[in-house]
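In: curious how this folds, go ahead:
(2 chains)
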Amino acid sequence: MTDRSDYTCDVLIVGAGPAGIAAAVSASDAGASVVVVDDNASPGGQIWRGSAPEEGLGTKTPAGSKKALNWFERFSASARIFLGNTRVISSLGTGLVLAEGPAGASRLRYGRLVLATGARERFLPFPGWTLPNVLGAGGLQALVKSGLPIEGKRIVIAGSGPLLMAVASALQRKGAEVCGVFEQSPVSQLVPFALALSTQMNVATEAVGYVRDVGLRRYHTGWWPVSARGDQTLSSVELTNGKRKLEIECDYLACSFHLVANTEAAALLGCAVEDGRVVADEFQRTSVEGIYSAGEVAGIAGLSAALVEGQIAGLAAANVSERARPLLARRNQLRRSARRMDKAFALRKELRSIAKEETIVCRCEDVRWHDLKECSSTRGAKIYTRCGMGPCQGRICGAALQFLCGWEPESVRPPLYPAQLSTLLTAAANLKENL
Amino acid sequence: MCEPIEINVNGREILVQPGTKLAVALVLHGIPCRTSVRGEARTALCGMGICFECTVTVDGRRLRSCQIDCAPGMQVETDD
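Out: Numbering: from 1, shown residues only, chains lettered A, B, ... in the order given. This is a model prediction of the structure:
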């Protein structure tokens, strides 16, 4: 293959969200040559989507925008190569991965690797969740940041996690009519988290801002969605608190149940993954020599943790881990509060029964809940029903089935994403060269 | 507001603002992206390249519409 562009660097960073950006800046400042790849066209990840200064559509996030712009500036000024719309497809051996971008395949050779692949939303199946205009909470926000006008639209936000209020506030500011935010967690489970939060000035200020925007009367705890209704497209949502039911007419349902780490690349590279997160020590070292992780991929912990861990990982990967020592206390503190967050937004058992017999669980292959009744593992479900074998490779249904049935994810195999044949041929050609 | 750009979806011209993601243009015009195995209309779910529900054919290639910007003259085909 002659048309591929290959790169060699000291530090390869997968993911250009806050953790990846911080890692790139730190590693580059320490003198390492750095290549950053991201599936999106621009850096910023999900939380800073559309806030990169070079983008025309700059919708600067109200809170923390100064922080974002500061990091973007440092990222732009650093001597790094950024490859947008580029995905890691597979490993080609120690220190070498295959990636695919707009120009086709490229081989990326690295000394150290930082995994900053972030997180995705967890979706749970319930009747109607496959209707058009039912999206993830972050999903709807991503579309709004990418140009979707939302003014005057009626939006129900449901599911779980701190993202719900953040999205509600952002959409409200854009002129949407937020009909209500429905958090499945009971208030008793949220209080300890809220109290601990109040001691962290910046996070507390942010949370108070959200509540001010949305109004506490519209934040309902202990409520969850049971069905989305509509002919062809969404028209209403039914919710319950276990005792009463409520139906709300709306244009969009923004619904997700907190976040799950994107651990696929880490698993493919052989890094230990436990409880859905990449195992890392305080210097962000994974179980594989030379591979580091930073941010949500090592457990959902939020923006501040992503930035701190990104810096630690970047410094450690650039061989100057001693310089990261002053950051460790902050890192450990943020990880402790992340554990409190996990408890606060733990899913209630009633959510295991919102899927009905006919409800589609695997959207790629249209596998229904009752089709899975006879199965007892992810593997069995794959073999007998094709569940998890579509283009998303179980990224959506896998997290749901883990909660619904306790099934562990299958081992990850390449290609990590659907790839072009020419990309796969590059992998084959590489193999041949090394024979 | 900038000068809108024109893209072609299933043979129909659509005007969008520059910088708009293709998935956004499709949601805005109520055009489903793909037809599922059992014949359901599907549109963007995750908005961030994970779920593949917004996959469409763009200039002959299967792409996730949430990951690409609309470009003038883009030829888009959805399932139907």
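In: and residue B:8, helix, strand or coil?
Out: strand (DSSP: H, G, I helix; E, B strand; the rest coil).
In: wait, it touches residue B:71, no?
Out: No: if you go by CB atoms under 8 Å, residue B:8 and residue B:71 don't touch, sitting 11.1 Å apart. For every residue, glycine as well, the C-beta is placed using N, CA and C.
In: what is the neighbour count of residue 43?
Out: Unless you meant another one, I'm taking chain A. Using other CB atoms under 10 Å in any protein chain shown, residue A:43 has 27 neighbouring residues.
In: hmm, I had chain B in mind actually
Out: Neighbour count for residue B:43, taken as other CB under 10 Å: 25.
In: how about residue A:340?
Out: Residue A:340 has 15 neighbouring residues, counting by other CB under 10 Å.
In: could I get the contacting residues of the residue nearest to residue B:46 when sequence neighbours are not counted?
Out: Of all residues not flanking residue B:46 in the chain, residue A:139 sits nearest, at 4.7 Å (CB to CB, 6 or more residues apart in numbering or on different chains). Residues counted as contacts of residue A:139 (CB atoms under 8 Å, 6 or more residues apart in numbering or on different chains) are A:121, A:254, A:256, B:44-48.
In: what is the nearest of those to residue A:358?
Out: residue B:45 (18.8 Å; CB to CB).
In: my read: that closest one touches residue B:51, true?
Out: Yes: if you go by CB under 8 Å, residue B:45 and residue B:51 touch, sitting 4.6 Å apart.
In: need the overlap of contacts for those two.
Out: Contacts common to residue B:45 and residue B:51, judged by CB under 8 Å, 6+ apart, are A:363, A:396.
In: next structured bit after the helix or strand of chain A with the lowest mean pLDDT?
Out: Of all helical and strand segments in chain A, the minimum by mean pLDDT, DSSP states H and E falls on helix A:201-214, at a mean of 84. Sequence-wise, the next helix or strand downstream of helix A:201-214 (DSSP states H and E) is strand A:219-221.
In: residues touching that next one, excluding its own?
Out: Strand A:219-221 is contacted from outside by A:165, A:180-183, A:185-187, A:190, A:211, A:241, using CB under 8 Å, 6+ apart.
In: restricted to helices, list these.
Out: Among the contacts of strand A:219-221, the ones falling in helices (DSSP state H) are A:165, A:187, A:190, A:211.
In: now do the contacts for the last one.
Out: Residue A:211 makes contact with A:165, A:219 under the criterion CB under 8 Å, 6+ apart.
In: distance check, the closest residue to residue A:175 other than its chain neighbours against residue A:345.
Out: What sits nearest to residue A:175 in space, not counting adjacent residues and going by CB to CB, 6+ apart, is residue A:151, at 3.5 Å. Per CB to CB, to the nearest Å, residue A:151 is found 30 Å from residue A:345.
In: contact partners for the closest residue in space to residue A:80 that isn't next to it in sequence?
Out: Distance criterion CB to CB, 6+ apart; nearest residue to residue A:80, sequence neighbours excluded, is residue A:34 at 4.0 Å. The contact partners of residue A:34, by CB under 8 Å, 6+ apart, come to A:9-13, A:24, A:27-28, A:78-81.
In: let's have those in JSON lines, adding neighbour count.
Out: JSON lines is the format used below for these (neighbours: other CB atoms under 10 Å in any protein chain shown):
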{"residue": "A:9", "neighbour count": "20"}
{"residue": "A:10", "neighbour count": "18"}
{"residue": "A:11", "neighbour count": "29"}
{"residue": "A:12", "neighbour count": "29"}
{"residue": "A:13", "neighbour count": "33"}
{"residue": "A:24", "neighbour count": "31"}
{"residue": "A:27", "neighbour count": "33"}
{"residue": "A:28", "neighbour count": "23"}
{"residue": "A:78", "neighbour count": "17"}
{"residue": "A:79", "neighbour count": "11"}
{"residue": "A:80", "neighbour count": "23"}
{"residue": "A:81", "neighbour count": "13"}
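In: sorry, back to before: what subset of the contacts of strand A:219-221 is buried?
Out: Taking 16 or more other CB atoms under 10 Å in any protein chain shown as the criterion, what is buried in those is A:165, A:180-183, A:185, A:190, A:241.
In: is whichever strand or helix holds residue A:168 in proximity to chain B?
Out: Element membership of residue A:168 [criterion: DSSP H and E] is helix A:163-173. No: Helix A:163-173 lies apart from chain B when judged by CB under 8 Å from any CB of the partner chain; the minimum separation is 11.2 Å.
In: got a pLDDT number for the most centrally placed residue in chain A?
Out: The centre of chain A sits closest to residue A:119, judged by CA atoms, centre = their mean, with a distance of 2.0 Å. Residue A:119 carries a pLDDT value of 98.
In: run through the bridge partners of it.
Out: Beta bridges link residue A:119 to residue A:261, judged by DSSP bridges.
In: got a winner among the contacts of residue A:139 for most neighbours?
Out: residue B:47 (33 neighbours).
In: look at residue 68 and report its pLDDT.
Out: Going with chain A. Looking at residue A:68, its pLDDT is 93.
In: not quite, I wanted chain B
Out: Looking at residue B:68, its pLDDT reads 94.
In: in the stretch 1-150 of chain A, which spans are strands?
Out: Along the stretch 1-150 of chain A, the stretches classed as strands by DSSP state E, counting those that start in this stretch are A:7-14, A:34-37, A:80-83, A:87-91, A:96-101, A:104-115, A:119-121, A:134-135.
In: typo on my end, chain B
Out: Applying DSSP state E to chain B gives strands spanning B:5-9, B:12-16, B:34-35, B:41-42, B:55-58, B:61-64, B:75-77.
In: could you dump those strands to CSV with distance to chain A?
Out: Formatted as CSV, the strands of chain B follow (distance: least, CB to the nearest CB, whole Å):
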stretch, distance to chain A
strand B:5-9, 12
strand B:12-16, 8
strand B:34-35, 10
strand B:41-42, 6
strand B:55-58, 7
strand B:61-64, 8
strand B:75-77, 16
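In: output these in CSV; the columns should cover distance to residue A:322.
Out: CSV is the format used below for these (distance: least, CB to CB, whole Å):
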stretch, distance to residue A:322
strand B:5-9, 52
strand B:12-16, 51
strand B:34-35, 52
strand B:41-42, 51
strand B:55-58, 47
strand B:61-64, 42
strand B:75-77, 53
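In: many thanks, I have nothing further to ask.
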